[in-house]
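Enquirer: Sharing a model prediction with you, sequence too.
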Amino acid sequence: MTAAPLRYDHEPTEPPIRILTPEDVRPHLDGVAAFLGGAANVVMQLSHPPVGYGVLESPVESGSVMVHPLKRLRTTLTYLAVAWMGTEEDRRAYREAVNGSHRPIHSEPGAAVKYNAFDPKLQLWVAACLYWGFDDLYTRMRGPMEPALAEAFYQYSARLGTTLQMRPEMWPADRSAFYRYWEDNLTQRTIDEPVRRYFDDLIDLRMLHPVPRRIFGRLHRFGVTALLPPHLRDQMGMTWTERDERRYTRILRAISFVWVRLPPPLRRFPFNYYLLDMRIRRRLGRPLV
């Protein structure tokens, strides 16, 4: 008689999720996505009224994209570079710098919309927008990640929130839970008239000189419209057709064809540049934000 194979109840039924390091994620970061998806991601983040009014009413003029667009671009891209590619020391230093800018950003007593830049739930929403935007553009440009890698990258991307005050346990447990959170929360997002005017100014590049605004404004609006979820397009009064979708898909494929063939340091630009810039600023004692 053949003995039955031994079974151990404690043996895992699924392989453990791989824990990624900053070195592991670098090959999957396409710097061009930051330029393609930046403004659309801002619209997603600010469609949550406490986040939107926190930006509209912020007393920190030095952080306003409409007043200091290049400085705001540097701050945002540095945050992404530090969250995805930075060491724990990089993250600690940048958290302290961002906290200094966030400290004055809170609603006044009696305000119709309550907000506080240190609210972990608002930071969860912002981190979710950043991850969703990354995943959407990555899939459009390269195709979907292999499932195990996609899950590992998702778990790693909790750093988009935990680099500030979001607690690790607030990040949805897996990609399935994340997309349930995303769909449930996205349907609740509304854009009122003051926020819509702000978005229109941002999308039409009204913070720039009239010449670049005239050259790039229409293309920028097309790209933002392409990358917004349909619910937010409707909130913005934007239209999008199947023909528009085919045109944008062809544009992304052309960009991706060139981009993935560049040397790795060029593919990761500007994230690698801004991470180095932050480290140099810190060494020299200069402001990080």
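Expert: Cool, got the structure.

Enquirer: From Asp200, how far out is the residue nearest to Met238 when sequence neighbours are not counted?
Expert: Of all residues not flanking Met238 in the chain, Thr225 sits nearest, at 4.8 Å (CB to CB, 6 or more residues apart in numbering). (Glycine included, C-beta is placed from N, CA and C.) Distance, Thr225 to Asp200, by CB to CB, to the nearest Å: 12 Å.

Enquirer: The two: who's more crowded?
Expert: Thr225 (19 against 13; other CB atoms under 10 Å).

Enquirer: Show me what the helix or strand containing the more buried one is in contact with.
Expert: Per DSSP states H and E: Thr225 is located in helix 210-227. Under the criterion CB atoms under 8 Å, 6 or more residues apart in numbering, residues 36-37, 39-41, 43, 133, 136-137, 203-206, 208, 233, 238-240, 244-245, 248 lie in contact with helix 210-227.

Enquirer: among the residues you listed, which ones are buried?
Expert: 36-37, 39-41, 43, 133, 136-137, 203-205, 233, 248 (16 or more other CB atoms under 10 Å).

Enquirer: For the residues you listed, could you give me JSON lines that also reports pLDDT?
Expert: Shown next, in JSON lines, are the buried ones among the contacts of helix 210-227 (pLDDT from 0 to 100):
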{"residue": "Leu36", "pLDDT": "94"}
{"residue": "Gly37", "pLDDT": "94"}
{"residue": "Ala39", "pLDDT": "93"}
{"residue": "Ala40", "pLDDT": "96"}
{"residue": "Asn41", "pLDDT": "96"}
{"residue": "Val43", "pLDDT": "96"}
{"residue": "Gly133", "pLDDT": "96"}
{"residue": "Asp136", "pLDDT": "96"}
{"residue": "Leu137", "pLDDT": "96"}
{"residue": "Ile203", "pLDDT": "94"}
{"residue": "Asp204", "pLDDT": "94"}
{"residue": "Leu205", "pLDDT": "93"}
{"residue": "Arg233", "pLDDT": "95"}
{"residue": "Tyr248", "pLDDT": "96"}
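
Enquirer: Among those, which lie within helices?
Expert: Among those, DSSP state H puts 36-37, 39-41, 43, 133, 136-137, 203, 233, 248 in helices.

Enquirer: So for the helix holding Thr225, mean pLDDT?
Expert: Taken as a whole, helix 210-227 has a mean pLDDT of 93.

Enquirer: and it, how far out from the chain's middle?
Expert: 20 Å (CA atoms, centre = their mean, to the nearest Å).

Enquirer: returning to what we had before: report the separation between the residue nearest to Met238 and Val43.
Expert: 10 Å.

Enquirer: try Asp119
Expert: In terms of CB to CB, Asp119 sits 20 Å off from Val43.

Enquirer: again, but for Ala97
Expert: On the measure of CB to CB, Ala97 and Val43 end up 25 Å apart.

Enquirer: Please apply the same query to Trp84.
Expert: 21 Å.

Enquirer: Same check on Arg142?
Expert: From Arg142 to Val43 the distance is 24 Å (CB to CB).

Enquirer: again, but for Glu88
Expert: 32 Å.

Enquirer: neighbours around Met170, how many?
Expert: 16.

Enquirer: surely it meets Leu122?
Expert: No. Between Met170 and Leu122 there is no contact under CB atoms under 8 Å: 11.1 Å.
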